[in-house]
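S.K.: coordinates for the following, if possible.
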Amino acid sequence: MIVKCATCGTHVPAAVTVELTHAGKTQRFCSARCADQAMREPLPELPALPRRLLVAVDGSGPSVRAVEYAAAYAVATGAKVQLLLAIDTAALRTLGIQPRSGTQAEPPAGAVERVLCDDAEAQLARCQRICEQAGVPYTMRIEMKPALEAILEAQSGADLVVMGSRGRGALEAGSLGSLSQRVVTAARIPVLVVH
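M.R.: Numbers count the residues shown, from 1 in each chain. Next comes the predicted model:
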């Protein structure tokens, strides 16, 4: 069998090659000189650890575990956590209710929106307690827009998105694909999905 030297590209019989593991990869070389040259090449730089975590929360079990994981990671690395909860106003429109805009709001829309905001604040308070118990710096934010849109807009201020594998919107997930799958596909930064 003939193999190609990983350094110079010369083709030599496999029986006379020098085999080394370099950077986690086993390679074959035509001579000890080529193997030595490969070992002197600098290793690729590892990416920096994420220091700004964007944690998408919705109160579901996987979402809470994502906050716990992010808090543990932040303790170990000194990262900061931003908790983001999105209220999809499209759901209000589906019910025939227009969301509040400025000071003019119809009473039913205002009441429903208040209930949604109260629920969002309760979910964030739970996540806030997790961060406080871990002693990590955090900020909280509620966005009145679809979750995918809110996450993709907020990613510019983060190094890593952390989110649960399944959220509270099971019906939507079945018809449109899960939010975590859509974020993984569309995000420009790494995404960590917690089960």
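S.K.: contacts and neighbour counts: CA atoms only from here.
M.R.: Will do.
S.K.: what distance do you get for residue 60 to residue 70?
M.R.: 15 Å (C-alpha to C-alpha, to the nearest Å).
S.K.: correction: residue 142
M.R.: When distance is defined by C-alpha to C-alpha, residue 142 is 18 Å away from residue 70.
S.K.: before we move on, what about residue 154?
M.R.: In this view, residue 154 and residue 70 are 16 Å apart by C-alpha to C-alpha.
S.K.: could you check which of these two has the larger neighbour count?
M.R.: With other C-alpha atoms under 10 Å as the criterion, residue 154 and residue 70 differ in neighbour count, and residue 70 comes out ahead with 29 against 17.
S.K.: what's near enough to touch that one?
M.R.: Residue 70 makes contacts with 53, 55, 81, 162, as judged by C-alpha atoms under 8 Å, 6 or more residues apart in numbering.
S.K.: now the element after the strand or helix carrying it, going C-ward?
M.R.: Mapping residue 70 onto the secondary structure by DSSP states H and E places it in helix 61-77. Tracing the chain C-terminally past helix 61-77 and defining elements by DSSP H and E, one meets strand 80-86 next.
S.K.: alpha carbons only: can I get that following strand in CSV?
M.R.: C-alpha atoms of strand 80-86 as CSV (Å, rounded to 0.1, in the frame of the first residue of the first chain):
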residue,chain,number,x,y,z
LYS,A,80,-22.1,37.0,32.9
VAL,A,81,-25.6,35.9,32.3
GLN,A,82,-28.4,37.7,30.4
LEU,A,83,-31.8,36.2,31.0
LEU,A,84,-34.2,36.7,28.1
LEU,A,85,-37.9,35.9,28.0
ALA,A,86,-40.0,36.7,24.9
